[in-house]
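[1] sequence and predicted structure, then a few things I'm wondering about:
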Amino acid sequence: MSQNCEQEFVNTELWNLFRNRFKSSTTEASYRSDIREFCRMTGKPFDRAEEEDVRRYYEKMRDRISEGRISPLTLTKKFRELHSFAQFLVEYDGEDSGRSDPFYPYLKDLAKEDALARSVPVEEMDALLKAAEKDLMAYTILTLMYRAGLSSTEITELNGEEDFALYDDGAYVFLPRRREPCYIPEDAWEILKEYMAAREPHPSLFYNRRGRRLNGMYISRMMKKYCAAAGIRSCSAEAVRNCCAFNLFSYGASSRQVAGQMGRTEIQIRRYRGLSYQGNLRKKANDLVKMRIEKPQL
């Protein structure tokens with residue numbers, strides 16, 4: 001709970017009652033982050049937000065979608081969490097209090113999650129990596145999405161070597177939107193180290209030719225470019241990232257482990273249990289398609 005709870009939530013007692021329904025710290029951190037963001041953007045405590053505040057917040061989030069900074073499903077997730085907390089306050093105060101839930105009317109117009117998350121078949125992922133291997137930055141970005149489950153937004157927010165740390169069990173990255181550090185598999189860490197050693201000093205880990213920090217639009221264009229070069233159907237950065245969760249489930253990881261790696265809740269993570277993907281993964285393993293990412297042949 002933040003010390004500035006008056007500006008971010010309602011009060012410590014109500015937040016503690018609400019957070020008791022969470023089964024994991026990941027879920028709590030997700031709600032906390034989105035509620036805090038809403039209050040910062042509106043400049044009001046949560047319980048004082050009005051319909052006009054929610055409308056302006058919604059429009060700002062739609063602008064972020066247009067700029068490629070967040071996906072439509074991210075906006076859906078945010079509004080569902082904000083609605084859940086607002087509905088809790090309505091129920092706590094009672095129907096006669098006059099309190100309403102200003103987020104509820106937006107839910108019907110938000111993007112719906114597919115029953116199963118989209119992914120990239122392993123043979124197409126292999127071809128995509130092959131197509132990008134001469135571009136060390138693109139190769140590293142694809143690796144972090146595919147092997148570590150980082151989102152395009154998380155990748156663009158990385159600043160440099162100071163965001164990473166080595167522990168006895170391997171490398172981890174500290175992400176501003178996650179409560180716990182995220183594990184970087186050994187093969188991905190080797191590729192990332194090579195990229196960091198080769199890049200010019202810069203306040204952002206990933207930057208374009210003009211020296212500007214990358215954004216979601218850049219990564220979207222990068223995906224289209226290398227999908228075309230690989231001769232595969234166009235796929236999104238989110239689909240590549242989803243493969244990390246599918247792979248973890250395919251090799252026996254628990255829902256809690258997968259949720260922790262992906263920075264999602266255990267309820268959200270159910271979308272990544274794809275039996276068809278698991279079957280394809282086993283088949284391609286037998287066909288000797290590489291599951292471990294190797295350093296690019298520059």
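    Arrived safely. Numbers count the residues shown, from 1 in each chain.

[2] state the helix or strand in which residue 234 lies.
    Under the criterion DSSP states H and E, no helix or strand holds residue 234.

[3] and it, what does it touch?
    Residue 234 makes contact with 223, 224, 227, 228, according to C-beta atoms under 8 Å, 6 or more residues apart in numbering. Placement of C-beta: from N, CA and C, glycine included.

[4] next up, phi/psi of residue 40, please.
    phi -60, psi -40 (degrees, to the nearest 10).

[5] that one: neighbour count?
    When neighbours are defined as other C-beta atoms under 10 Å, residue 40 has 12 of them.

[6] with residue 52 instead?
    Per other C-beta under 10 Å, the neighbour tally for residue 52 reads 10.

[7] and what about it, helix, strand or coil?
    Applying DSSP: H, G, I helix; E, B strand; the rest coil to residue 52 yields a three-state assignment of helix.

[8] relative to residue 108, how far out is it?
    20 Å (C-beta to C-beta, to the nearest Å).

[9] tell me who's in contact with residue 170.
    So residue 170 contacts 183, 184, 185, 186, 189 (C-beta under 8 Å, 6+ apart).

[10] pLDDT at the fourth one, what is it?
    It refers to residue 186. Looking at residue 186, its pLDDT stands at 92.

[11] with adjacent residues omitted, what lies nearest to it?
    In this structure, residue 186 finds its nearest non-sequential neighbour in residue 170, 6.2 Å apart by C-beta to C-beta, 6 or more residues apart in numbering.

[12] and the one you found, its phi and psi?
    The phi/psi pair for residue 170 (degrees, to the nearest 10) is phi 130, psi -160.

[13] distance of it from residue 190?
    With the distance defined as C-beta to C-beta, residue 170 ends up 11 Å from residue 190.

[14] what's the answer for residue 254, then?
    26 Å.

[15] the two: which is more packed in?
    Between residue 254 and residue 190, residue 190 has the larger neighbour count (other C-beta under 10 Å), namely 15 against 12.
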